[in-house]
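Enquirer: I'll drop the sequence and a predicted model, then ask my questions.
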Amino acid sequence: MSDAPCTQVLQDVADVPSSAQEVFCALYGHEPMTGAQLRDVTGLPRRTVYSALQRLKDIGLLKQQLSLRDTRQTFFWVDSAQVAVRV
């Protein structure tokens with residue numbers, strides 16, 4: 001969580017667990033990632049990553065889309081429009 005832009009936006013995710021904050025920072029300002037990619041980047045367990053993703057989706061900061069190549073995979077990214085409104 002050392003990204004400067006991420007720390008400015010962390011006020012939006014201040015009330016969520018640190019695992020959700022870590023997932024948010026991994027996604028913020030980056031290309032969409034799958035759950036497996038997020039697990040590799042953050043080092044968090046699968047269940048923790050998906051719980052964090054659900055929490056971030058619930059507060060409206062994430063978007064998701066099924067992969068067109070493999071519908072078993074879902075891509076997640078930060079909804080920059082929602083973040084911009086809150087900053």
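Expert: In hand now; what should we look at?

Enquirer: which SS class is the residue located most distally from the centre of the chain?
Expert: In terms of distance from the mean C-alpha position of the chain, residue 69 ranks first, at 21.4 Å (Cα atoms, centre = their mean). Using DSSP: H, G, I helix; E, B strand; the rest coil, the structure places residue 69 in coil.

Enquirer: secondary structure class for residue 44?
Expert: Of the three states, residue 44 takes coil under three-state DSSP.

Enquirer: does it really touch residue 52, like I thought?
Expert: Yes. Contact criterion Cβ atoms under 8 Å: residue 44 and residue 52 qualify, at 7.4 Å. Every C-beta, even on glycine, is put in place using the N, C-alpha and C of the backbone.

Enquirer: intersection of neighbour lists for the two?
Expert: Both residue 44 and residue 52 are contacted by 19, 22, 23, under the criterion Cβ atoms under 8 Å, 6 or more residues apart in numbering.

Enquirer: Which of the residues you listed fall within helices?
Expert: Of the shared contacts of residue 44 and residue 52, the ones assigned to helices by DSSP state H are 19, 22, 23.

Enquirer: For residue 61, give me phi and psi.
Expert: Per-residue torsions, residue 61: phi -100, psi -10 (degrees, to the nearest 10).

Enquirer: Tell me how many other residues crowd it.
Expert: Residues within reach of residue 61, counting by other Cβ atoms under 10 Å, total 23.

Enquirer: So for it, what's the pLDDT?
Expert: We have a pLDDT of 89 for residue 61.

Enquirer: just checking, what packs against the helix or strand harbouring residue 56?
Expert: Here residue 56 sits within helix 46-58, counting by DSSP states H and E. Here helix 46-58 touches helix 18-27, helix 35-42, strand 62-66, going by 3 or more Cβ pairs under 8 Å, 6 or more residues apart in numbering; DSSP states H and E.
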